[in-house]
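> Structure here, sequence nowhere to be found:
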């Protein structure tokens, strides 16, 4: 096991592209192990493109990004699954297979990321569902679950490989405020156990209620509350 003190994410002089359009320029920040960071900004401002670049879904053409020890600029396609084993990726729209049970959804991910032993897979599946408070839903289909429960399944899926960081893209965007609070508290518990989290959100109330480090996509730049002050309340998320 590595006990390196290197940041989980290091971004240096990077430009983020969506197709042929530059959405963010001169991006510089680091995320340390166990850190919790909000990512905010207007719709279309580059939050999702930044996250997709971090998990190698968009090419990095300018600058340097290292995530969980992988150089995103030079990573080979065959190594992308290994990078993603070290990350937990959480989508707003869940992306669960509707024709498979919760257990089958999670098992698919384990098989796709190299798990082989059925007994270990079954144990891990039970562990992550218990972790998110859904110990008894393994046999249910996604449509039988509420939106909040589906998001908890997505978080469980992201935890399967014990990631060093969770990248969450609007994880409470489709949920009502009360359910959102419960999901956010779950993220806090995961963070308190040592997993770093980068959470993109439009939920201004979360950012205000739980003050912490904030990255803000604004006018083609990424502002970092760690190095400069900016007004959160003036931005329409």
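Received, thanks. A quick note: this is a predicted structure, and the numbers were derived from the prediction, not measured.

> So which bits of the biggest helix by length in the chain are buried?
In the chain, taking DSSP state H as the definition, the longest helix is helix 177-192. The neighbour-count check on helix 177-192 (16 or more other Cβ atoms under 10 Å) flags 179, 180, 181, 183, 184, 186, 187, 190, 191 as buried. C-beta: built from backbone N, CA, C; applies to glycine.

> by contact count, what packs against the helix or strand following that helix?
Next helix or strand after helix 177-192 toward the C-terminus (DSSP states H and E): strand 196-200. Using 3 or more Cβ pairs under 8 Å, 6 or more residues apart in numbering; DSSP states H and E as the contact criterion, the neighbours of strand 196-200 among helices and strands are strand 36-41, helix 47-54, strand 165-169, helix 177-192.

> Residue 15: which of the ones you listed is closest?
For the helices and strands packed on strand 196-200, proximity to residue 15 was assessed by Cβ to Cβ; helix 47-54 is nearest, at 9.6 Å.

> what does that closest one contact?
Counting by Cβ atoms under 8 Å, 6 or more residues apart in numbering, the neighbours of helix 47-54 from elsewhere in the structure are 9, 14, 16-18, 23-24, 27, 39-41, 58-60, 65, 67, 72, 87, 167, 169, 198, 200, 217, 222.

> And that helix, how far out from the chain middle?
Average the C-alpha atoms of helix 47-54, do the same for its chain, and the two points are 10 Å apart (Cα atoms, centre = their mean, to the nearest Å).

> can you check stretch 123-130 too?
Its chain's average C-alpha position is 19 Å from that of stretch 123-130, according to Cα atoms, centre = their mean.

> Which parts of it count as buried, going by neighbours?
Taking 16+ other Cβ under 10 Å as the neighbour-count basis, stretch 123-130 is seen to contain the buried residues 124, 125, 128, 129.

> how much space between the last one and residue 160?
The reference is to residue 129. Plainly put, residue 129 is 10 Å away from residue 160 if you go by Cβ to Cβ, to the nearest Å.
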